[in-house]
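> Model the following, please.
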Amino acid sequence: MYERTRHQTPMPAAGAYLLMNATQRETLRELLRRVDEVRGMSERSEPSAAIDPDDTNALFATVQELAQELERSHRRLIETNVQLVSLREVASSMVGTHEVGETTRLVTRYLCRAFGFQEGFLLLINRETGKLEGTWTHARGDRDQSWSIELPLTGDTGTLARSLWMNRTVVHHAAQRHRPALLPDGHPLEEVLDDIAATACVPLQRSNTVLPLAETHELCGARCILGDAQLIAPPPGAEAEPWAADREERQRACLGCEVMPLLGVIGMARRRGSAEIASSDVMLLESIALSVAPMIENARLYQDLRRSERFRNHVLDSMASALVAVNMQGEVLTFNHAAEHLLGWPVDEVLGQPFGALFGTDGEVAVRDTLEHGREAVRVETILRARDGTPVPVSLTTSLLRNDRRAIYGAIATFVDLTPLKRAEEHARQLDRLAALGRFTSSVAHEIRNPLTGIGAGVQYLSRSIPTGDPQHENLQFILSEIRRLDRIVQELFDVTHPRRLDLRPSPIEDTMRRSVQCVAALFEQQGVALTVDIAPHLPPIAHDQDQVQQVLFNLLKNAAEASQAGSAVKVRIAVAEAQPARGRAARVANAAAAPVTSDTPEVGGPIPRVARGSRGLPGTIAVTVEDQGCGIGPDEIKTIFEPFFTTKQGGTGLGLYITHDIVKRHGGNLTVSSELGNGTRFTVELPIESTGGFS
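So this is what the prediction gives:
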């Protein structure tokens, strides 16, 4: 028994089949029928013979063939999936592409290289131009060539546009009768189209379409043309022309429709002598369309988002008013150019920062009141703080930020700089004071000067009768000096209220400076202050009133000498004005040009030395800089230094710098001052080389 069991041979397959019961035999027959059905779905040209369940060898051959076909199918499926994944990666790169041509070129070249298409095309709808725009790629061996293509979407411009309006997959096997595109004469793609035998086109659908895939025109109304088969062929006779006009009108209406479900059309073509486009090719093309459409839609949405972002930024940065948006915590979300210029903060330093910490507590109170209590401010005057700590008066308006559900998520603060208005108000007050002063001086000047003249003459007559050594002689000299000072005050009042007209004549500014130096030479010698003058070579003559500009330079030199300590020096520099760096709105005082280069100290009363040094200045303005080494001017005083009746000198009238500033301004120039306590003061006079004509 043991030996027989050990050497027992296995039962033949046929014997195994004989052992099956009737149910199992019927199940096997059903499986063989399904095998025949699966074989019928394949593209094999030879018909398959019926399989006899009693034929064991035929069963083995069938199973082996099915295994091979299953393996090939899995390989094709894996290969197709890899190709589709790669296509999605290529399509994903379109999101960062700003040009439609680059987007469509990437996809069509991949279709030809990865899927072996002879011809591939991708055209996208451009609603602004009313055209299909994209790329047609022609593959020949290892090389491919692409052409840009544009087709009008109105009218009948070929099967590509026609398949889009049909809103369904369309395959044409007679491409010469149904041209893919009607191109202008001379288009390089014409030669390629002449060799096309068949085309397959698949519309690209939006993912959020609200329309059905078929008979879309029934949902949007009779005017919608998508899926309407009547657009294919015009009616005969005289009705063709109004039919074409009506079709174009309906096409334009669809292009402007918000629920337009199509993005464009993608397709392939076969050349003459090639295999026909099979159903598997169409299925592959539809799968590709399903993969590409979402990516194109995302790319479009991304481009629209960037376009909206650029538009929003352009609107914000073009606003004349400064704007700051904050969240519920008061942190800055948006900061436009006007706010950046007004407050001196760069936008990258303020985003995410607390409003109050940057711009001061006064503005934070108004913003907090809006955020916490919903009270919106309307043109409230308040003070903001610039980056350098300078207070900036503004007119502040706040409003709430709300989302789609009307919930508050922040606030917007817009503000307008009131500094020009405050200056205008102050200027108006100054004009009022000057007008009153003018009326006063006109009415009493003669009444004051006439007695002064008589008093002065009487004192001079009396002084001649008193001996020189008499103690009363010194008192008489003091009376005469006070009479002269009172006469000078009256003259300065006349100069303020009745400025002389300018006599503009082209002449060297260095000549005017030389006369001014000669006038103050004695004062510099008396004060023990050195004077150094540096003049750039080859300065052009400028049109100026020599007498009045000499008065300007005399006043500046005189003030510099009086502000300097004995043993110090005053430096003067004359050159073409240097370009100044950009400054924020908050800067109150403009610095002068670069530090002067001094020459040897000239002999008091002697000629001014000429030093041959170049200048990197901006043509158009000559700058005269007067810099002393005195005690300097405080920040509070420097703000009002050019206002009338402001003075820090004992016995001063406060009109000298006002008159100086007015003369420079009437020349079309600019007078600026920079100073630091303990480090001296620098005045800079800028006069235009090209005369503006002057005004009185």
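> tell me which element L531 is part of?
strand 530-535 (DSSP states H and E).
> That strand: how far from the chain's middle?
Distance of strand 530-535 from the chain centroid (Cα atoms, centre = their mean, to the nearest Å) equals 47 Å.
> per-residue confidence averaged over it?
Averaged over strand 530-535, pLDDT sits at 90.
> go on, stretch 264-278?
Stretch 264-278 comes out at a mean pLDDT of 90.
> chain center to it: distance?
With Cα atoms, centre = their mean, you get 46 Å for stretch 264-278.
> quick one: contacts of it?
Outside of stretch 264-278, the residues within contact range by Cβ atoms under 8 Å, 6 or more residues apart in numbering are 43, 107, 111, 117-125, 132, 134, 160-161, 163-164, 171, 173, 175, 180, 195-204, 281, 285, 288-289, 292, 296. Where you see a C-beta, it was placed from the backbone N, CA and C, and this is true even at glycine.
> Okay, buried residues for it please.
Across stretch 264-278, burial judged by 16 or more other Cβ atoms under 10 Å covers G264, V265, I266, G267, M268, A269, R270, I277.
> Go ahead and list the helix or strand containing the fifth one.
Assigned by DSSP H and E, M268 belongs to strand 262-271.
> Show me what that strand pairs with in its sheet, parallel or antiparallel.
strand 119-126 (antiparallel), strand 196-205 (antiparallel) (DSSP bridges).
> could you dump it to CSV, C-alpha only?
Listed next in CSV are the C-alpha coordinates belonging to strand 262-271 (Å, rounded to 0.1, in the frame of the first residue of the first chain):
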residue,chain,number,x,y,z
LEU,A,262,-15.9,75.8,-22.6
LEU,A,263,-12.2,76.7,-22.3
GLY,A,264,-11.1,75.7,-25.8
VAL,A,265,-10.4,72.6,-27.9
ILE,A,266,-7.7,70.0,-28.0
GLY,A,267,-7.0,67.5,-30.8
MET,A,268,-4.9,65.4,-33.0
ALA,A,269,-4.5,64.8,-36.7
ARG,A,270,-3.2,62.1,-39.0
ARG,A,271,-1.4,62.7,-42.3
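> Following the chain onward from the strand holding L531, which element is next?
With elements assigned by DSSP H and E, the helix or strand that comes after strand 530-535 is strand 542-544.
> which one is Q527 nearest to, not counting chain neighbours?
A561 (5.1 Å; Cβ to Cβ, 6 or more residues apart in numbering).
> Just the element for the one you found, please.
Secondary structure assigned from DSSP H and E places A561 in helix 546-563.
> pLDDT (mean, whole number) over that helix?
88.
> What of stretch 154-174?
The model assigns stretch 154-174 a mean pLDDT of 87.
> Could you tell me the end-to-end distance of that stretch?
23 Å (Cα to Cα, to the nearest Å).
> In that stretch, which residues are buried?
Buried residues in stretch 154-174 (16+ other Cβ under 10 Å): 154, 156-167, 169-172.
> rewinding a little: which residues touch the residue nearest to Q527?
V520, L523, F524, Q527, V529, V570, D628.
> can you rerun that using 6 Å?
A561 sits next to L523, F524, Q527, V529 when contact means Cβ atoms under 6 Å, 6 or more residues apart in numbering.
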